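Undergrad: what's the 3D shape of this:
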Amino acid sequence: MKGFSNTVFGLGWLAILAFLQVSLLYRHVVQVHGAMTVVTNATPSLYLTAVEPRDFGAIVLSNLSNPSFDSNVAEWWPRAVIFAHTDDEVQQAVLDCIQHNWTVQVRAGRHGYLAWLPESRHQQRQPAPPPFCIIDVSNVSSVAFVPGSGGLFVVGAGVRQFELYTTLNDRGFGFPGGTCPTVGIGGFALGGGFGYWSRAWGLTSDNIEAVTVVLVRGRDDVTLVTANTTHHPELLWACRGGGSNLAGVVTSLTIRAYPRPTMVTHWRLNFPRSSCCSHVLPLYGEVGPESSRKLALQLVIYSGSCSIVAVGMDLHPSQLYDSMQGDRFSAIPGALPTSPIRSYSWMEAIDEFAGCKNISNPNRCWRDQFANDWPNPAVHGIWNAMSIYFPWGWSAEKASANVTESLCEFVTSANEGKSNIAFSRQPASMPDALEPGIDQANHFGGPEQPFILAMLDTYGGKVNDPTSNATAFPHRNMSFHVQLLAYSDATQVHRTQALLHQGLEAFDHAAKSGSASDFSSSSYRNYPNALLPFALRRYFGAVNLARLRSLKEQYDPLRVFRQAQDPGGR
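TA: Residues are numbered from 1 along each chain as shown. The predicted structure is shown next:
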């Protein structure tokens, strides 16, 4: 225990008192890491970490995909992180946090672009937030088939997408998830959940049939409820697109799956910069939303080129080509297919899009592949993203030319270092196999800039079938979802967010100054933007936001669950 004694005395008296509070709760010291002590209760699946910022990061951040807070500002760090495997452990963790007067943040896959930010983190000159803890449900990861249901699965909130695809595939099913293998299903589904399969099967949130939620009814009253169309239907409505950490801890979701396709087809065409805005984007705007529900189209704009990605479900190569009007795209000057149209089985396609196909160790696809690398930014880069929507029927021709040009210009100028945001270094690494067939060196401009791209996903199909207030996800009348994405090293997170917001505002201004008077400035909740004015209204719309606020007051009367851009805040 000598190392433990040295550690504790190095923390200072305030830290000793905090440690004693925690140790009285859990009593069992299991290991010491530098200046941080990990303590546990009788079962090793639940442990609570006493926080000392400098060393806390070495362990907890090792499993975080998008850390977005300042490691030097202790007031912004959680007081504790609790990992749980079961509903009972989650309930006990919530109760412990309440008894310490800590508010609660919830995390699952650890991919949130605002990470653990509490309220007012990005607001200038605001006081530190109230003390908070993090309850990590990444180990609540069981998957169970519901017999006789025709395709219902009860899924732990911490299950990673690749795991879920694999487990469902073993029973002959697929689900409308995304492509990133390590994203946790909890946050992804609760905020909406869009991917290549959404136009055919709907959003992930549209396929939530029930949720189990740990709720707080009083300081000594923590309970587990099931929300479905019969019991707590308003809570189920909120969990279909209202985001995570809203009014409780969601521990499991009952999700509807579908018989997997017999074939997935895939084609990619690249185009030079000179054709992207003048030819590709207008045609994409015309073809995409009205195309077959079995077809997903995506336009990716880089600094020196752009690409069209087409993915078909049970479409043969010729059907894919016809559905996307491939002859018209192929006729655009400089069009260059990366390969013939390829056909895959369902899981071959999942592997391909997840970047797992050529990785010999499958664990690298869906476990914490960077666990031993953080905080080395040469190995671990950070994704940031912001978003905006094109309303239905809005095409490139409907607005002034500077609207579409603003996307191309932003990506080019940002990569070339022409923004007014100063960066101290370039990202030290690129994601594995980021864009096959594209010269990655072309994407970097100035040596001090992050890697920037714009991505347009086609909506329509089953995504647009519900009304805007049928679920908490309101974006049912949209043609495209525009993502501005950046990949930087860990030291550049805040500057990168400012750069993306600059591009988002420029695009928004260009749309409203043209003939697109119906441009809505709405944004996707799963791509939160801490700098966005009226963010909650943009995420949910005025009607849904009012409903979410009412629900928050009903189900979280003590305001235990708080986060950045919390519908319960004012």
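Undergrad: low-confidence ranges, the chain, go.
TA: Scanning the chain for pLDDT under 70 picks out the ranges 1-77, 113-129, 357-383, 392-404, 414-449, 489-493, 511-520, 569-570.
Undergrad: can you pull out the helices in the stretch 251-400 of the chain?
TA: With helices called from DSSP state H, counting those that start in this stretch, the stretch 251-400 of the chain shows them at 273-275, 281-287, 317-323, 326-330, 346-354, 363-366.
Undergrad: to residue 239, which of these lies closest?
TA: helix 363-366 (23.9 Å; CB to CB). From N, CA and C alone the C-beta is placed, and that goes for glycine too.
Undergrad: quick check, residue 342 in contact with residue 265.
TA: Yes - contact criterion CB atoms under 8 Å: residue 342 and residue 265 qualify, at 6.8 Å.
Undergrad: follow-up on the earlier one: out of the helices of the stretch 251-400 of the chain, which gets nearest to residue 470?
TA: Closest approach to residue 470 among the helices of the stretch 251-400 of the chain (CB to CB): helix 281-287, 26.1 Å.
Undergrad: dump the helices of the stretch 251-400 of the chain into TSV; add distance to residue 473 and mean neighbour count as well.
TA: Shown next, in TSV, are these (distance: least, CB to CB, whole Å; neighbours: other CB atoms under 10 Å):
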stretch	distance to residue 473	mean neighbour count
helix 273-275	34	15
helix 281-287	23	20
helix 317-323	26	17
helix 326-330	30	15
helix 346-354	23	20
helix 363-366	26	17
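Undergrad: got JSON lines for those helices, with distance to residue 338 too?
TA: Formatted as JSON lines, the helices of the stretch 251-400 of the chain follow (distance: least, CB to CB, whole Å):
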{"stretch": "helix 273-275", "distance to residue 338": "16"}
{"stretch": "helix 281-287", "distance to residue 338": "17"}
{"stretch": "helix 317-323", "distance to residue 338": "14"}
{"stretch": "helix 326-330", "distance to residue 338": "13"}
{"stretch": "helix 346-354", "distance to residue 338": "13"}
{"stretch": "helix 363-366", "distance to residue 338": "22"}
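Undergrad: so the protein: which segments form each domain?
TA: Using automatic domain parsing, the domain parsing of the chain gives 2-136, 143-260+539-555, 264-344+393-458+476-521.
Undergrad: which one's more surrounded, residue 342 and residue 265?
TA: Applying other CB atoms under 10 Å to residue 342 and residue 265 shows that residue 265 carries more neighbours, namely 25 against 16.
Undergrad: show me what that one is bridged to.
TA: Residues in a beta bridge with residue 265, per DSSP bridges, are residue 312, residue 343.
Undergrad: residue 99 reaches residue 219, doesn't it?
TA: Yes - here residue 99 lies in contact with residue 219, judged by CB under 8 Å, at a distance of 7.4 Å.
Undergrad: any chance you could map the helices in the stretch 101-250 of the chain?
TA: Assigned helices in the stretch 101-250 of the chain, in chain order: 161-170, 185-190, 198-201, 233-239 (criterion: DSSP H, counting those that start in this stretch).
Undergrad: what sits up against the second one?
TA: Helix 185-190 has contacts (CB atoms under 8 Å, 6 or more residues apart in numbering) with 106-109, 111-112, 137, 155, 157-161, 164, 177-178, 204-205, 208, 239, 241-244, 246, 250, 253, 255, 526.
Undergrad: among those residues, which are in strands?
TA: Among the contacts of helix 185-190, the members found in strands (DSSP state E) are 106-107, 155, 208, 250, 253, 255.
Undergrad: quick one: which of those is nearest to residue 302?
TA: Each of the ones in strands among the contacts of helix 185-190 was scored against residue 302 by CB to CB, and residue 107 proved nearest at 31.3 Å.
Undergrad: skipping adjacent residues, who's closest to that closest one in space?
TA: In this structure, residue 107 finds its nearest non-sequential neighbour in residue 136, 5.4 Å apart by CB to CB, 6 or more residues apart in numbering.
Undergrad: okay, and the beta partners of that neighbour?
TA: Beta-bridge pairing for residue 136 (DSSP bridges): residue 83, residue 107.
Undergrad: and it, how far from residue 479?
TA: Distance, residue 136 to residue 479, using CB to CB, to the nearest Å: 37 Å.
Undergrad: go on, residue 316?
TA: 27 Å.
Undergrad: same check, this time on residue 243
TA: 23 Å.
Undergrad: doesn't residue 84 make contact with the residue nearest to residue 107?
TA: Yes - look at residue 136 against residue 84 with CB under 8 Å: they come within range, at 7.2 Å.
Undergrad: of these two, give the one with the bigger neighbour count.
TA: Between residue 136 and residue 84, counted using other CB under 10 Å, residue 84 has the larger neighbour count: 26 against 23.
Undergrad: what sits closest to that one if chain neighbours are left out?
TA: Nearest to residue 84 is residue 90, by CB to CB, 6+ apart, at 4.8 Å.
Undergrad: can you pull the contacts of the one you found?
TA: 84, 135, 137, 140, 214, 249, 251.
Undergrad: most neighbours of all the residues you listed, which one?
TA: residue 137 (31 neighbours).
Undergrad: got the phi and psi for it?
TA: phi -110, psi 20 (degrees, to the nearest 10).
Undergrad: that one contacts residue 158, correct?
TA: Yes - using CB under 8 Å, residue 137 is in contact with residue 158, at 4.6 Å.
Undergrad: and for residue 271, the neighbour number?
TA: Residue 271 has 22 neighbours, counted by other CB under 10 Å.
Undergrad: partners of it in the sheet?
TA: Listed beta-bridge partners, residue 271: residue 306 (assigned using DSSP bridges).
Undergrad: so what touches stretch 556-570?
TA: Contacts to stretch 556-570, defined as CB under 8 Å, 6+ apart, come from residues 94, 97-98, 103-106, 114, 117-119, 121-122, 129-130, 132, 215-219, 242, 244-249, 528, 530, 535-536, 539-540, 545, 548-549, 552-553.
Undergrad: mind listing what's buried along it?
TA: For stretch 556-570, a neighbour-count test (16 or more other CB atoms under 10 Å) marks 556, 559-568 as buried.
Undergrad: quick check, nearest of those to residue 474?
TA: Nearest to residue 474 out of the buried residues of stretch 556-570 is residue 567 (CB to CB; 12.9 Å).
Undergrad: quick check: closest non-adjacent residue to the closest one.
TA: Computed as CB to CB, 6+ apart, the closest residue to residue 567 that is not its neighbour in sequence is residue 548, at 4.3 Å.
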